[in-house]
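[1] here is the input, now give the coordinates:
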Amino acid sequence: MDWPPSATFSSPNTATRISSSGSPARITRRSSLPSECPREPRRFMSSSSRQDLLKRRKNWRNRIRFLLKTNSSKSVLRLIQNRSYRPSADDVNQWAQSLDKLLGHKYGKAAFCIFLKSEFCEENIEFWTACEDFRTLTSHKELVSKASGLYEDFIKSEAPKEINLDFHTKNAIVQSLHDPTATSFLAAQRKVYSLMENNSYPRFIQSDLYKELCAVARGEGKHMKH
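    Numbers count the residues shown, from 1 in each chain. Next up is the predicted model:
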């Protein structure tokens, strides 16, 4: 992900893996999170337990379908329904290494959006994504217009999608609105990224949604077919 040199969000541990070419490749890994898809141990399951499991899976599928139907982003809906974007096992394993890996994959980001929506905090990923787009702008006129829109939607008090920011960060944004630059929202974007990384992201990795995506990637999630 093309962050400015100063835009460092975390300091995960590093490890070395031998690539297919035989040369060592450095990877990042969060020690507090699983490095690969969680696997359920094989064990005998009684009839009642199996029925309970099937019921919980059905409830989960209905919830995800509802979220998909009510999601305002049509691109996310198309992405989820397109089998060509289904992740591989390697893709899903990498999502557990860092939030950056997750957001760098289209399906991973879409799944995370759905998860945040289920937790009623989708404004964080929406703001982060808007900031990514904002940093690519070069026209001063566009910067002024988009900066005003970001402030109205996410920053000002009682904004429709107000994010949790401290006074100093908000004030710095207000002061920059008359002459914004591509990095005017970078401090706020860092804070939101950190909030997702330390709160929503670990819950996503432990969620039923992530476990189901692991099953799909392993070819076991047959009930995910559309």
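[2] tell me which residues of the helix or strand harbouring Tyr193 come out buried.
    Using DSSP states H and E, Tyr193 falls within helix 186-195. By neighbour count on 16 or more other CB atoms under 10 Å, the buried set for helix 186-195 is 186-193, 195. The way it works is simple: take the backbone N, C-alpha and C, and place the C-beta from them, glycine included.
[3] tell me the one among those nearest to Ser139.
    Set against Ser139, the nearest of those by CB to CB is Leu186 (18.4 Å).
[4] shouldn't that closest one be in contact with Glu132?
    No - using CB atoms under 8 Å, Leu186 is not in contact with Glu132, being 10.6 Å away.
[5] re earlier: so can I have CSV of the buried residues of helix 186-195 showing distance to Leu102 and pLDDT?
    As requested, these are exported to CSV (distance: CB to CB, whole Å; pLDDT from 0 to 100):
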residue, distance to Leu102, pLDDT
Leu186, 20, 98
Ala187, 22, 98
Ala188, 20, 98
Gln189, 16, 98
Arg190, 17, 97
Lys191, 18, 97
Val192, 15, 97
Tyr193, 12, 97
Leu195, 15, 96
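[6] got TSV for these, with distance to Lys170 too?
    Output for the buried residues of helix 186-195, formatted as TSV (distance: CB to CB, whole Å):
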residue	distance to Lys170
Leu186	14
Ala187	10
Ala188	8
Gln189	13
Arg190	14
Lys191	10
Val192	12
Tyr193	17
Leu195	15
